[in-house]
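In: Only the shape, not the letters, is given here:
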């Protein structure tokens, strides 16, 4: 008889994690999967309760109109879990939704174990979340090597199983022709509005130093026009985001909007600078809430600014150019190893599957 697994993912990145985890688990045993997920999880055999898109919301003004639907989905998910009494519930990202569900079902499912995939960033802000996670979950799969300690001290079984980026980006050796710069202005309109003008001005300065330099911009199709207006008349071409990893492995240098892409560039061993600018009030609040000195996860892991950061008041073309000119070609090869989990020879998804097996 197959083991019953209930899974909940709330966004595309969670669907990728969930799909890979399901594939790894099925290579080790017989399982039935129910819950909420996207196309990848469904393709691995998930029986979907409702569309994952109902949970893919960001920002208070987007959530408020959908609040009745979200409450309905929470109650619907709770009822389904209680009815099925699964062996393990695996929640992925969507922490606000998932924590509300788990809180409601724990006492009604006394034989079920609860595991969360992707640790909340308690090391960056709101450290009290670690205790809450320990009260709700039996296990936690961490993506970063320094995360387990924050939860283990509260009694939660946490394990660093590796970051999915190491599965996405292979180690094939390629040449990096010194003829272009890769530009990553962001994936949201707000980011592009703030970052594209800065990167355009930076590229102009780089062209003065090297007139033959080309710009290659990673752009989502529906955001290409928003970006193009800032690079009008410049020597640039556009890259489909689906081809970005190939671009990371061939680019001699990149200008990147701060985010997960910085970690991806590091794993691809692409030299880069990150930059970011946000609303002044948001920056003021974040500065008082945050525990970390750096924005780039590589710098947080290393405890030093290995990758230059041009954040907020330093997010100007002149500051970025200073960072480019003074760039030290740090060896990024060790980053992949540090993100590979406890067993470097085993993919992170398989390490996560083995962690789940402890609760079966």
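Out: Received, thanks. None of these values were measured; they are calculated from a predicted model.

In: can you pull the buried residues of stretch 239-246?
Out: Along stretch 239-246, these residues count as buried under the neighbour rule (16 or more other CB atoms under 10 Å): 239, 244, 245. Just so you know, the C-beta spots here come from the backbone N, C-alpha and C atoms, and that holds for glycine as well.

In: now swap in stretch 76-92 and tell me
Out: Those would be 77, 78, 80, 81, 84, 86, 87, 88, 89, 90, 91, 92, for stretch 76-92 by 16+ other CB under 10 Å.

In: can you pull out the strands in the stretch 51-200 of the chain?
Out: All strands of the stretch 51-200 of the chain, identified by DSSP state E, counting those that start in this stretch, fall at 88-92, 113-117, 139-142, 157-160, 180-184.

In: Quick check: which of the ones you listed is nearest to residue 254?
Out: Counting by CB to CB, residue 254 lies closest to strand 180-184 out of these; the figure is 4.0 Å.

In: Could you tell me which strands sit next to that closest one in the sheet, and their orientation?
Out: Using DSSP bridges, strand 180-184 pairs in its sheet with strand 214-218 (parallel), strand 254-257 (parallel).

In: Is residue 194 in contact with residue 280, as I believe?
Out: No: applying CB atoms under 8 Å as the test, residue 194 and residue 280 come out as separate, 11.6 Å apart.

In: before we move on, the earlier item: looking at the strands paired with strand 180-184, which one is packed in the most?
Out: For the strands paired with strand 180-184, the largest average neighbour count (mean count of other CB atoms under 10 Å) is found in strand 254-257, namely a mean of 25.

In: ok, then the element right after that strand?
Out: Of the helices and strands lying after strand 254-257 in sequence (DSSP states H and E), the nearest is helix 260-267.

In: to the chain's geometric centre, what's the distance from the helix or strand following that following helix?
Out: Sequence-wise, the next helix or strand downstream of helix 260-267 (DSSP H and E) is strand 272-276. Here the centre of strand 272-276 is set off from its chain's centre by 17 Å, with CA atoms, centre = their mean, to the nearest Å.

In: Strand 272-276 - contacts with which helices or strands?
Out: helix 189-209, strand 254-257, helix 260-267, strand 309-311, helix 317-325 (3 or more CB pairs under 8 Å, 6 or more residues apart in numbering; DSSP states H and E).

In: picking up where we left off before, and residue 194 and residue 280? Which one has more around it.
Out: Using other CB atoms under 10 Å, the more surrounded residue of residue 194 and residue 280 is residue 194, with 19 against 10.

In: Now do the contacts for the more buried one.
Out: Contacts here follow CB atoms under 8 Å, 6 or more residues apart in numbering; on that basis residue 194 touches 277, 278, 315.

In: Nearest to residue 250 among those?
Out: Each of the contacts of residue 194 was scored against residue 250 by CB to CB, and residue 315 proved nearest at 26.3 Å.

In: for the nearest residue to residue 323 once chain neighbours are set aside, phi and psi?
Out: Of all residues not flanking residue 323 in the chain, residue 308 sits nearest, at 3.7 Å (CB to CB, 6 or more residues apart in numbering). Main-chain dihedrals, residue 308, degrees, to the nearest 10: phi -60, psi 140.

In: just checking, residue 308 touches residue 262?
Out: No: using CB under 8 Å, residue 308 is not in contact with residue 262, being 10.8 Å away.

In: Looking at those two, which is more packed in?
Out: Counted by other CB under 10 Å, residue 308 and residue 262 do not tie: residue 262 has more neighbours, with 24 against 21.

In: that older thread, check contacts around the residue nearest to residue 323.
Out: Going by CB under 8 Å, 6+ apart, residue 308 touches 273, 274, 323, 326, 327.

In: ok, now with 10 Å
Out: 271-275, 296, 299, 314, 319-320, 322-324, 326-328 (CB atoms under 10 Å, 6 or more residues apart in numbering).

In: Of those residues, just the buried ones, ChimeraX syntax please.
Out: Those of those that count as buried under 16+ other CB under 10 Å are selected in ChimeraX with:
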select :271,272,273,274,275,296,299,314,319,320,323,324
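
In: Find the pair from the contacts of residue 308 with maximum spatial separation.
Out: Maximum distance among the contacts of residue 308 (CB to CB): 18.6 Å, for 271 and 314.

In: returning to what we had before: going by distance to residue 226, which of the contacts of residue 308 wins?
Out: residue 275 (17.5 Å).
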